[in-house]
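Peer 1: model the following, please.
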Amino acid sequence: MDEQRRILTASLASDNPAVKYGTLLSILRQQQQRDFFANAAEFKLIGDVWLRDTRGRVLKTGDKFRGWLTPFHPAVTEAGFLEYLATRKGKRLFDGSHKSIAQTVMI
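Peer 2: The predicted structure follows:
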């Protein structure tokens, strides 16, 4: 628990959005590393709840992805994620390649 707290505290102080929000979303089990490249449009307000909606995804084979709705933990919005999300319209959640983000987040 102390290790998670140390990692989270350091991540929230980061100026790098992939570190700050990616770590927060990962710790709260709302995202896995491969999801760092999700389209920002998957994060939306439905009713009065902010969610991640993956129901519209299509697999490389053309088959539909069995998606789900995942509500945000309040800590995500308190950390300023919605303001960051507003800057990502029409883009992936984070810039960079899989390798560059993995290396940045692992540091």
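Peer 1: just the helices from this protein, written as ranges.
Peer 2: 2-12, 17-27, 74-78, 81-86, 98-106 (DSSP state H).
Peer 1: which of those helices sits closest to residue 52?
Peer 2: Minimum separation from residue 52 across these (C-beta to C-beta) falls at helix 17-27, 8.6 Å. For glycine as for every other residue, the C-beta is placed from the backbone atoms N, C-alpha and C.
Peer 1: now this structure, which segments are flagged as low pLDDT?
Peer 2: 1, 29-37, 97-107 (pLDDT under 70).
Peer 1: now with 50?
Peer 2: For the chain, the stretches with pLDDT under 50 are 107.
Peer 1: residue 48: which of the helices of the chain is closest?
Peer 2: When the helices of the chain are ranked by proximity to residue 48 (C-beta to C-beta), helix 74-78 comes first, at 12.1 Å.
Peer 1: contacts for the closest one?
Peer 2: 21, 24-25, 28, 30, 50 (C-beta atoms under 8 Å, 6 or more residues apart in numbering).
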